[in-house]
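Chemist: Give the three-dimensional model of this entry:
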Amino acid sequence: MVTLNVAKKKSAAPAFPKDCLKKTRALTSAEIEILKKNRNHSDRPDWSNVLVSAEAFDPDLVYGSAFSGFVVLGALRRASLKYHDLELECGIYNSKLRDVVTGSDDAIHNVAYLDNYRLGNSVILFNIQEMSCTKHSKFGNGILKQGESEDVRVWIGVANENDGRAVLPFESMIPADAYLWSRKRGDKILLKRFVDLTENGNTKKLDTYGIVGNESVIKNTTLLKDVKVGECAYIKGAFKLKNITILSSAQEESQIGEGVEMVNGIMGYGSRAFYQAVAVRFVLGRNCQLKYGARLLNSILGDNSTVSCCELLNNLIFPFHEQHHNSSFLIATTVMGQSNIAAGATIGSNHNSRSPDGEIIAGRGFWPGLCSDFKHNSKFASFVLASKGSYQHELNVEYPFSLLAPAGAEGEPVQIMPAYWFMFNMFAIARNNYKFKKRDARAVKVQHIESDPLAPDTMQQILPALRRLIELTKNYLQDAGLESLASAKSEAQKLQAAKDFLHQNPGADFELFDEKAQKKFGAVILKPVKAYKEYRKIVKYFAARSLMEFCGAKKIKKLNASAIQKIMAIELYAKWTNAGGQIIPSKKVDELCSKIKAKKINSWEAVHKFYDACQDSYGDWKARYAVYLLEELYSRKIQEFTKEIFADIIADVTAVSNDIYSDSIYSRKKDYDDPFRQMTYGDDDEMTAVLGSINDNVFLRDLKTRTEEFNARLPQIFS
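Modeler: You can find the predicted model right below:
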């Protein structure tokens with residue numbers, strides 16, 4: 001209902017904000033006459049509600065505008081501001097300002113209603129219908145103001161549709177924070193402390209005002225309400241922006257384009273939203289793109305991610321997520337980064353209970369194929385590649401770097417090929433780390449991101465996968481009546497016999513059955529012997545590389561007794577957590593939570609410093625974990641390793657190193673040698689012009705150099 005407020009003849013003088021009075025003055029009578037002549041109007045006949053800069057003020061640069069409440073105008077000189085093809089004179093033209101503080105040399109043209117805002121210097125506002133801010137605005141943060149009840153607090157229901165994992169957004173939120181908050185749901189004290197951390201620094205006073213940072217440009221926009229805009233942001237043609245923060249800086253400029261609607265959320269530094277994209281209850285990380293009609297609802301999107309033409313509901317997504325297709329759908333998931341959702345993929349549309357409380361968890365590198373669909377609840381290890389198909393039953397794929405294929409018919413097991421990437425797609429393993437580092441355009445990196453596929457989080461998944469292959473092999477050989485298993489008396493002896501079989505029969509080709517991988521119908525495990533061998537080789541490679549990196553950082557020439565002693569003095573962390581993209585020992589995560597509960601950590605900034613400290617020690621912890629992995633593989637302490645064992649490590653690791661390079665060359669060379677690739681080109685010159693020469697591939701040249709250096713250094717360290 002519209003309320004009519006009849007103006008009183010003698011209204012109270014406006015209360016100017018005290019922090020804006022420095023270097024200001026009242027208007028002179030001559031300036032007031034010029035302002036009136038230029039068709040300007042003030043709701044105070046004496047214009048006492050308007051202060052201007054004592055440095056410079058040209059009243060001829062204000063035309064056809066109305067001023068009410070208090071207005072403080074920054075320096076106005078005869079100048080113009082240009083951004084791309086738009087060039088406007090500095091000043092205020094055909095606009096209405098109420099309770100506004102402008103910066104120096106702003107250009108405000110055709111702003112129909114500008115209320116309760118403070119502008120930086122050299123700001124352009126052009127063709128805006130409404131730009132206002134309430135006194136109780138939170139700018140997308142999940143805080144409360146004085147007198148407000150809990151039901152107005154903005155929550156983001158990540159990972160689950162029933163809000164059972166909901167988190168509060170805040171300006172400095174990174175995926176690690178959201179992951180911690182969304183997973184630790186059984187600890188009520190900790191959950192309360194997370195709210196306290198979010199409220200830290202909130203005065204609760206009803207004194208907020210909108211902000212537009214220096215050199216920002218806003219044009220042709222319908223509505224901005226309760227919006228905080230950082231420096232150097234560019235907003236053009238937006239439809240509706242409400243209760244959001246747009247983080248932006250000269251180093252990381254954020255942009256919002258035509259038809260965009262964003263409500264209740266935080267937009268990260270250097271991010272971009274274009275072409276009818278919609279985001280409601282959201283946090284966008286740094287260097288993200290949301291475009292072409294994408295819908296992001298109740299979700300958090302990690303740094304360096306791109307989403308377009310699709311729908312994402314109730315998700316927590318770690319950095320480097322790609323989803324580009326109009327037909328793809330993602331709901332109620334925790335996707336742990338470096339993921340790619342293909343066209344037609346429907347992730348989590350089918351619920352298996354009477355309420356929408358299902359969820360899917362996918363480790364790093366999740367890549368579902370075209371038109372694939374999955375059922376809640378499902379869980380995937382890191383770097384699972386799912387073939388095109390409909391997966392009708394819940395899945396628990398615990399084999400990292402595997403290929404998943406659907407059942408041939410209803411009621412049949414799915415197929416899983418463990419270690420598929422190492423057998424047939426080593427190029428992707430080699431290129432991933434290089435690719436993601438090249439795409440990381442963040443100027444400031446608050447969220448630490450492990451972009452290497454071979455890291456502690458994936459290694460800790462390989463170990464149980466190895467044990468599972470041994471266990472399933474034992475079952476297979478037992479059913480086949482193998483003599484060594486028949487004579488084994490204990491379960492440990494049977495498992496050892498199965499392990500010996502895997503080592504002694506590298507050419508054996510059979511299939512295993514894992515009843516735990518799919519509800520009701522299980523999974524067929526393909527090429528288990530080869531997978532077992534590849535898993536072991538890759539663990540050795542990771543361990544050797546981590547030890548080499550440690551020796552390089554500490555300037556240790558050889559992994560001798562003294563070096564091993566230094567490594568063994570480092571605390572061992574055998575369990576790891578992917579916290580928003582950063583790999584942190586699980587014990588350190590528990591330590592962080594304990595400190596938050598004990599009120600030793602009282603702000604999210606302090607939480608981020610804890611993450612930083614963990615990252616500083618990451619190399620040392622990896623080296624200690626590397627020794628642990630080698631001891632697990634060889635079933636003895638490293639002090640008991642023989643020359644033969646070290647020779648075996650060198651041989652296997654060198655083989656993996658060479659395979660990574662040779663397979664990368666082979667994978668790329670196929671693009672040139674395959675006749676089905678060649679047939680669209682008239683001759684070799686045309687193909688080279690389109691594809692480029694394989695010899696010019698920067699990644700392959702760099703990989704060759706690194707491989708040669710690694711292979712030369714390896715025997716020196718382990719001799």
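Chemist: Give the rounded mean pLDDT of the top helix by length along the chain.
Modeler: Across the chain, the longest stretch assigned as helix under DSSP state H is helix 643-673. Over the span of helix 643-673, the pLDDT mean works out to 84.
Chemist: How about residues contacting stretch 71-89?
Modeler: Under the criterion C-beta atoms under 8 Å, 6 or more residues apart in numbering, residues 16-17, 20-21, 24, 49-53, 55-58, 61-62, 90-92, 97-107, 109, 119, 121-122, 124, 126, 217, 219, 234 lie in contact with stretch 71-89. In short, each C-beta sits where N, CA and C put it, glycine included.
Chemist: give me the number of residues near Glu640?
Modeler: Glu640: 10 surrounding residues under other C-beta atoms under 10 Å.
Chemist: now it: how far from Ile564?
Modeler: The gap separating Glu640 from Ile564 is 12 Å, by C-beta to C-beta, to the nearest Å.
Chemist: Return the per-residue confidence for the spatially most central residue of the chain.
Modeler: Most central in the chain under C-alpha atoms, centre = their mean is Gly302, positioned 1.7 Å from the mean C-alpha point. Predicted confidence (pLDDT) for Gly302: 97.
Chemist: so what's the residue lying closest to it once chain neighbours are set aside up against?
Modeler: With C-beta to C-beta, 6 or more residues apart in numbering as the criterion, Gly302 has its nearest non-adjacent residue at 3.7 Å, and that residue is Pro319. Neighbouring residues of Pro319 by C-beta under 8 Å, 6+ apart: 175, 285, 302-305, 337-338, 447, 449, 580-581.
Chemist: same deal with Tyr209?
Modeler: Tyr209 makes contact with 99, 116-118, 133, 135 under the criterion C-beta under 8 Å, 6+ apart.
Chemist: wait, which of those is closest to Ala443?
Modeler: Arg118 (25.3 Å; C-beta to C-beta).
Chemist: export the contacts of Pro319 to JSON lines and tack on distance to Ala66 and secondary structure?
Modeler: Formatted as JSON lines, those follow (distance: C-beta to C-beta, whole Å; DSSP: H, G, I helix; E, B strand; the rest coil):
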{"residue": "Pro175", "distance to Ala66": "46", "secondary structure": "helix"}
{"residue": "Gly285", "distance to Ala66": "41", "secondary structure": "coil"}
{"residue": "Gly302", "distance to Ala66": "45", "secondary structure": "coil"}
{"residue": "Asp303", "distance to Ala66": "43", "secondary structure": "coil"}
{"residue": "Asn304", "distance to Ala66": "45", "secondary structure": "coil"}
{"residue": "Ser305", "distance to Ala66": "43", "secondary structure": "coil"}
{"residue": "Gly337", "distance to Ala66": "51", "secondary structure": "coil"}
{"residue": "Gln338", "distance to Ala66": "53", "secondary structure": "coil"}
{"residue": "Gln447", "distance to Ala66": "45", "secondary structure": "coil"}
{"residue": "Ile449", "distance to Ala66": "50", "secondary structure": "coil"}
{"residue": "Gly580", "distance to Ala66": "48", "secondary structure": "coil"}
{"residue": "Gly581", "distance to Ala66": "50", "secondary structure": "coil"}
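Chemist: any chance of those residues in JSON lines, plus distance to Tyr209?
Modeler: JSON lines is the format used below for the contacts of Pro319 (distance: C-beta to C-beta, whole Å):
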{"residue": "Pro175", "distance to Tyr209": "30"}
{"residue": "Gly285", "distance to Tyr209": "27"}
{"residue": "Gly302", "distance to Tyr209": "31"}
{"residue": "Asp303", "distance to Tyr209": "29"}
{"residue": "Asn304", "distance to Tyr209": "33"}
{"residue": "Ser305", "distance to Tyr209": "32"}
{"residue": "Gly337", "distance to Tyr209": "37"}
{"residue": "Gln338", "distance to Tyr209": "40"}
{"residue": "Gln447", "distance to Tyr209": "30"}
{"residue": "Ile449", "distance to Tyr209": "35"}
{"residue": "Gly580", "distance to Tyr209": "32"}
{"residue": "Gly581", "distance to Tyr209": "35"}
